[in-house]
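fold the following.
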Amino acid sequence: MLNSYSTADKVLLAVDCIIFGFDEEGLKILLIKRDFEPEKGKWSLMGGFLKKEEVLDTAAIRVLNTYTGLQDIYMEQLYTYSEIDRDPVERTISVAYYALINIENHNAELIQNYHAKWFSVSEVPKLIFDHDNMLSHAIRRLRYRTSMRPVGFELLPEKFKMSQLLKLYESILDKEIDKRNFISKINSLDILIKLDEKDMTSSRKGSYLYTFDKEKYDAKLLNHFALNF
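Residues are numbered from 1 along each chain as shown. All right, here's what the predicted structure looks like:
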């Protein structure tokens, strides 16, 4: 019977998290070396099983906090993966999330304890199960998001140079962007505050520092637009 709980198949439900970060080298992904079978010793996304008392978002937050030590992380539910043979041990459905974090803010000791490592998105090793597919899907989603809404608040330090913001967009979109066109379009969004401070490490003249106007940034997140870099 369709309405019988006792005779229904039972399956496991997992959450897998694609954690993006950014530093001077570009866009990165946080991976963990699996310490149990199957696929022991191979690289994997961060994940865990849903508990009875949790909703999916709560489980994803728990996983992210466990491996990074961070709270209030920006995340989005990505997709549900339900191929019958995706996990060789048990029938497992996985709901994937992607998250954006500032690499400087994570708990480095926690990451070391879990044998985790940051990889450039262009140098990711082979991942277990269907995690390669999840990562590819997350990168496509992030690129689409970047073309329609501002990005950077979650990935950059509080104060940053315009060149850092440009490099972030180039890293995500995987292409070179004309600097003058980029600055013009970013300024048209009116989401940056130019500070009376300079970074003097890059040149004798120095580069002005910026910060995001959080209120205007959040307002822009609610509206889709085309940046077309």
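
all contacts plus neighbour counts: C-alpha atoms, from now on.
Noted.

quick check: the gap between residue 78 and residue 42.
Remark: distance between residue 78 and residue 42 (Cα to Cα, to the nearest Å) = 23 Å.

got it, and residue 79?
The spacing between residue 79 and residue 42, counted by Cα to Cα, is 23 Å.

more neighbours, the two?
Neighbours were counted for residue 79 and for residue 42 using other Cα atoms under 10 Å; residue 42 has more, 17 against 14.

check contacts around the more buried one.
Contacts for residue 42 were tallied using Cα atoms under 8 Å, 6 or more residues apart in numbering; they are 33, 34, 127, 128.

which residue ranges of this structure form strands?
Using DSSP state E, the strands assigned to the chain run over residues 12-23, 26-33, 43-44, 46-49, 74-81, 92-100, 116-120, 160-161, 192-199, 207-212.

dump these to a markdown table, plus mean pLDDT and distance to residue 169.
Output for those, formatted as a markdown table (pLDDT from 0 to 100; distance: least, Cα to Cα, whole Å):
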| stretch | mean pLDDT | distance to residue 169 |
| --- | --- | --- |
| strand 12-23 | 96 | 11 |
| strand 26-33 | 95 | 9 |
| strand 43-44 | 97 | 26 |
| strand 46-49 | 96 | 25 |
| strand 74-81 | 96 | 17 |
| strand 92-100 | 97 | 14 |
| strand 116-120 | 94 | 15 |
| strand 160-161 | 96 | 13 |
| strand 192-199 | 95 | 15 |
| strand 207-212 | 96 | 15 |
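
and of those strands, who's closest to residue 62?
With Cα to Cα as the measure, strand 46-49 is the member of the strands of the chain nearest residue 62 (8.9 Å).

return the distance of that closest one from the chain's centre.
Chain-centre distance of strand 46-49: 15 Å, with Cα atoms, centre = their mean, to the nearest Å.

just name whatever secondary elements that strand is in contact with.
Judged by 3 or more Cα pairs under 8 Å, 6 or more residues apart in numbering; DSSP states H and E, the packing partners of strand 46-49 are strand 12-23, strand 26-33, helix 56-68.

list the buried residues in the helix or strand of the chain with the lowest mean pLDDT.
Each helix and strand of the chain was given a mean pLDDT (mean pLDDT, DSSP states H and E); the minimum falls on helix 108-113 at a mean of 80. For helix 108-113, a neighbour-count test (16 or more other Cα atoms under 10 Å) marks residue 111 as buried.

what's the neighbour count on the spatially closest residue to residue 183 that is not a sequence neighbour?
In space, and not counting its chain neighbours, residue 183 is closest to residue 162: 7.8 Å by Cα to Cα, 6 or more residues apart in numbering. Neighbours of residue 162 under the rule other Cα under 10 Å: 20.

picking that back up, adding distance to residue 167, write the strands of the chain out as TSV.
Converted to TSV, the strands of the chain look like this (distance: least, Cα to Cα, whole Å):
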stretch	distance to residue 167
strand 12-23	10
strand 26-33	7
strand 43-44	27
strand 46-49	26
strand 74-81	20
strand 92-100	16
strand 116-120	14
strand 160-161	10
strand 192-199	16
strand 207-212	14
